[in-house]
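Trainee: Okay, structure incoming, though there's no sequence with it:
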């Protein structure tokens, strides 16, 4: 009930004003500074939001890593968020494995089913029978998953793409340098005098590194590229090493 006195009218007018202001703000496009977590680099992102929906993403020019640049994977975030095949709620299989028959269930039911099944497995086979595998998306998800599996009493955790992607990288660097220097902020590529690019093409696969390589070259650095194949957009080398028929012998 709204009072008819002056204070009541004032309160009602204030409420109407706040509501109108919020509606106006929601209809206008706002820019939210955030980061992309489609890989470990975490490039700075300016997310444009209108009416509560993401309408555009672009690189943050003030971010120290990407400095306004984004790769095609990061620029496609909007497509990922609103893709028609994206699953945004739990699904339970109701047919035989491989039939593709699923039904939507609540989060409470999904968590309850997972919890009861884990308890059943641990009781029957022990905690070491649990193995947790995680992909290479947001690192916070990875750490949370490792923590969950460890809390169940199992040390068995793994990374699906680590053996052929991230894993060999730190192993080689610790064996060579005694430390992990390959992270974006862990090395000084743009001020190096000589850089070896072995079997890679950073301008396409790792744009932040690609930019640093170009900056190093502009400062006079020697770029040595060892590559068994021909790439149209690889860093222009000072010296190039190529083996015949797409193979390298070491």
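Mentor: Looks like it arrived, so ask away. Keep in mind that what you see is a predicted model, and the values were worked out from it rather than measured.
Trainee: only C-alpha atoms for contact and neighbour calcs from this point on.
Mentor: Will do.
Trainee: Count the neighbours of the residue lying closest to residue 153 once chain neighbours are set aside for me.
Mentor: Ranked by CA to CA, 6 or more residues apart in numbering and with sequence neighbours excluded, the top spatial neighbour of residue 153 is residue 127, at 5.3 Å. Residue 127: 20 surrounding residues under other CA atoms under 10 Å.
Trainee: Next up, the contacts around residue 127.
Mentor: 121, 152-154 (CA atoms under 8 Å, 6 or more residues apart in numbering).
Trainee: 10 Å instead, please
Mentor: Shown in contact with residue 127 (CA atoms under 10 Å, 6 or more residues apart in numbering): 118-119, 121, 149-156.
Trainee: Which members of those residues are positioned in helices?
Mentor: 118-119, 121, 149-151 (DSSP state H).
Trainee: Narrow the residues you listed to just the buried residues.
Mentor: For these, a burial check counting by 16 or more other CA atoms under 10 Å picks out 118, 149-150.
Trainee: can you redo the contacts of residue 127 as a markdown table with pLDDT and distance to residue 58?
Mentor: As requested, those are exported to a markdown table (pLDDT from 0 to 100; distance: CA to CA, whole Å):
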| residue | pLDDT | distance to residue 58 |
| --- | --- | --- |
| 118 | 94 | 42 |
| 119 | 95 | 45 |
| 121 | 95 | 46 |
| 149 | 91 | 36 |
| 150 | 92 | 38 |
| 151 | 92 | 39 |
| 152 | 93 | 41 |
| 153 | 93 | 43 |
| 154 | 93 | 41 |
| 155 | 92 | 40 |
| 156 | 90 | 39 |
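Trainee: which one among those gets closest to residue 39?
Mentor: Distance to residue 39, by CA to CA, is smallest for residue 149 among those, at 22.6 Å.
Trainee: Now do the residue lying closest to that closest one once chain neighbours are set aside, the pLDDT please.
Mentor: Nearest residue to residue 149 in three dimensions, chain neighbours excluded: residue 132, at 6.2 Å (CA to CA, 6+ apart). Among the per-residue scores, residue 132 holds a pLDDT of 86.
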